[in-house]
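1. Next one to model:
(one chain, ligands or ions: 1)
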Amino acid sequence: MPDQPSASPMPELFTWEFATDPYPAYAWLREHSPVHRTVLPSGVEAWLVTRYADARQALADQRLSKNPAHHAGSAHAKGRTGIPGERKAELMTHLLNIDPPDHTRLRRLVSKAFTPRTVAEFAPRVRELTDGLIDRFATQGSADLIHDFAFPLPIYAICDLLGVPREDQDDFRDWAGMMIRHGGGPRGGVARSVKKMRAYLAELIHRKREAPGDDLISGLIRASDHGEHLTENEAAAMAFILLFAGFETTVNLIGNGMYALLRHPEQRERLQRALARGDEQLLATGVEELLRYDGPVELATWRYATEPLTLGGRDIAAGDPVLVVLAAADRDPERFADPDTLDLARRDNQHLGYGHGIHYCLGAPLARLEGQTAIATLLRRLPDVRLAGDPDDLRWRGGLIMRGLRTLPVEFAAE
Ligand code: HEM
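-> Numbering: from 1, shown residues only. Predicted coordinates for the structure are as follows:
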């Protein structure tokens with residue numbers, strides 16, 4: 001379907017207004033140009049896929065490769081990973097940049113070490129971390145939920161899970177902070193942080209090989225499938241993608257999720273009443289709904305057509321980048337009733353917030369654990385928590401893939 005002229009003009013993409021609220025623009029695209037060719041702020045041309053059915057199909061289409069070498073504009077074939085400055089390093093040969101059969105082999109190996117049981121056993125530690133962070137500001141009556149809470153929680157959680165010693169975790173927090181603040185542009189600080197993280201991980205893997213522990217990195221080294229193991233580089237790339245994929249996403253789940261609850265008092269009170277009764281069902285469906293309503297990942301990571309194909313009636317040439325807009329698909333009225341309404345008890349909520357197909361989020365059980373624990377604990381301990389200041393003053397972080405707030409200032413009665 002060609003881009004049609006229409007009564008309402010096409011909203012501008014990638015502006016400040018768009019970053020604040022992209023949903024009207026996505027509604028326009030879904031209706032008028034559901035598979036839309038656009039020029040990204042970087043100058044690269046790409047297709048945006050905004051309808052749920054097309055998005056789901058594209059995520060499962062093996063003709064869309066994750067390997068940046070398939071990008072036709074080979075000048076752009078490097079560094080499409082979201083980590084600027086880290087072009088050729090082994091760390092980039094991770095799950096989100098590779099196709100089967102390598103992807104199948106690596107995913108099978110990591111799945112042996114990172115199991116739902118690993119995550120379930122980790123629940124008490126997540127609760128302890130959550131309470132510990134809230135302890136630091138609960139007596140103050142105000143906090144920035146991003147800086148004081150959503151940001152440190154996932155990084156400490158993943159560090160603990162991987163087996164990064166406590167005394168080194170603040171270094172990790174600083175490196176990760178550099179990446180999230182500057183993600184999206186090649187800046188020296190980011191490249192340096194990635195380099196330091198890579199050197200640290202290589203050294204840590206070496207130490208764990210000598211003296212294995214009860215942690216995920218030791219598990220990754222130990223994991224074997226038909227006699228095959230991860231190489232040291234593969235283990236480092238795996239640790240890196242677990243950190244990277246599990247960090248900013250979870251920050252945004254907590255940040256966007258709490259923001260949505262604070263803007264919808266009737267939903268938030270409903271959840272508080274359920275929690276007070278000891279009913280956790282609404283918490284589980286509610287966190288899924290928060291992922292659908294304003295999820296952490298706005299666009300799935302880059303895909304490239306390996307051959308000419310048709311999607312939503314548009315012809316896509318070999319080598320073209322295809323970006324699946326999860327945030328648009330998850331508000332598609334063809335799939336979700338009243339898609340712009342936040343309904344924590346929503347049924348049949350098969351949102352695409354964790355992706356779909358072979359790259360479906362490996363960390364979804366951990367993300368659910370962290371998201372549910374964080375939101376339930378905040379609402380229990382700060383029952384009257386409210387936004388401080390004017391919501392119009394809130395700023396969203398730029399960047400294409402992720403959607404998240406820079407700050408979330410709140411007030412509450414001090415404990
Ligand atoms: C993949 C979302 C948390 C590890 C993905 C994908 C999405 C996603 C959409 C697929 C990307 C694509 O197909 O282009 C999320 C969200 C999270 C979250 C919304 C939090 C709320 C985590 C956590 C971890 C993690 C906590 C691990 C500690 C991964 C990995 C992949 C992935 C390793 C790549 C899987 C593969 O390519 O086979 N995630 N994620 N994620 N996620 Fe998550």
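2. residue in this protein nearest to the ligand?
-> Across the chain, no residue is closer to the ligand than Gly363, which sits at 1.9 Å (CB to the nearest ligand atom). Where C-beta positions appear, they are placed from N, C-alpha and C, glycine not excepted.
3. Now for the residue nearest to that residue when sequence neighbours are not counted, how many residues are close by?
-> Leaving aside its sequence neighbours, Gly363 sits nearest to Gly246 (CB to CB, 6 or more residues apart in numbering; 4.7 Å). As a burial measure, Gly246 scores 22 neighbours (other CB atoms under 10 Å).
4. Check Glu266 too.
-> Under the neighbour criterion other CB under 10 Å, Glu266 is assigned a count of 8.
5. now do Val194
-> The criterion is other CB under 10 Å. On that basis, Val194 has 22 neighbouring residues.
6. And the average pLDDT for the helix or strand it falls within is what?
-> Secondary-structure element containing Val194, defined by DSSP states H and E: helix 188-210. The pLDDT scores in helix 188-210 average 87.
7. Same question for stretch 135-148.
-> 97.
8. same check, this time on stretch 155-169
-> The average pLDDT for stretch 155-169 rounds to 95.
9. touching the ligand at all, that stretch?
-> Yes - applying CB under 6 Å from any ligand atom, one finds that stretch 155-169 is in contact with the ligand at Ile158.
10. Other residues contacting that stretch?
-> 118, 122, 125-126, 129, 172-173, 176, 200, 204, 208, 213-218, 239, 242-243, 246-247, 250, 366, 370 (CB atoms under 8 Å, 6 or more residues apart in numbering).
11. now the strands for the stretch 201-350 of the chain?
-> Listed in chain order, the strands of the stretch 201-350 of the chain (DSSP state E, counting those that start in this stretch) span residues 303-305, 309-311, 314-316, 321-324.
12. right, and the ones you listed - which one's nearest His351?
-> When the strands of the stretch 201-350 of the chain are compared for distance to His351 using CB to CB, the nearest one is strand 321-324, at 13.0 Å.
13. Sheet partners, orientation included, of the closest one?
-> Under the criterion DSSP bridges, strand 321-324 sits next to strand 45-49 (parallel), strand 303-305 (antiparallel) in its sheet.
14. okay if I get the ones you listed as CSV plus mean neighbour count and mean pLDDT?
-> Compiled in CSV, the strands paired with strand 321-324 are given as follows (neighbours: other CB atoms under 10 Å; pLDDT from 0 to 100):
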stretch, mean neighbour count, mean pLDDT
strand 45-49, 22, 97
strand 303-305, 24, 97
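15. Let me have those in CSV, adding distance to the ligand as columns.
-> Putting the strands paired with strand 321-324 into CSV (distance: least, CB to the nearest ligand atom, whole Å) gives the following:
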stretch, distance to the ligand
strand 45-49, 12
strand 303-305, 7
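16. ok so, going back, is it possible to export the strands of the stretch 201-350 of the chain to a markdown table including distance to Ala58?
-> Rendered in a markdown table, the data for these read as follows (distance: least, CB to CB, whole Å):
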| stretch | distance to Ala58 |
| --- | --- |
| strand 303-305 | 7 |
| strand 309-311 | 6 |
| strand 314-316 | 10 |
| strand 321-324 | 5 |
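17. for these, which one sits closest to Phe336?
-> Of the strands of the stretch 201-350 of the chain, the one closest to Phe336 (CB to CB) turns out to be strand 321-324, at 16.6 Å.
18. what's around Leu230, how many residues?
-> For Leu230, the count of nearby residues is 23 (other CB under 10 Å).
19. Find me the pLDDT at it, would you?
-> 89.
20. rewinding a little: pipe the strands paired with strand 321-324 into JSON lines and attach distance to Arg406 per row.
-> Supplementary listing: the strands paired with strand 321-324 in JSON lines, determined by distance: least, CB to CB, whole Å:
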{"stretch": "strand 45-49", "distance to Arg406": "24"}
{"stretch": "strand 303-305", "distance to Arg406": "28"}
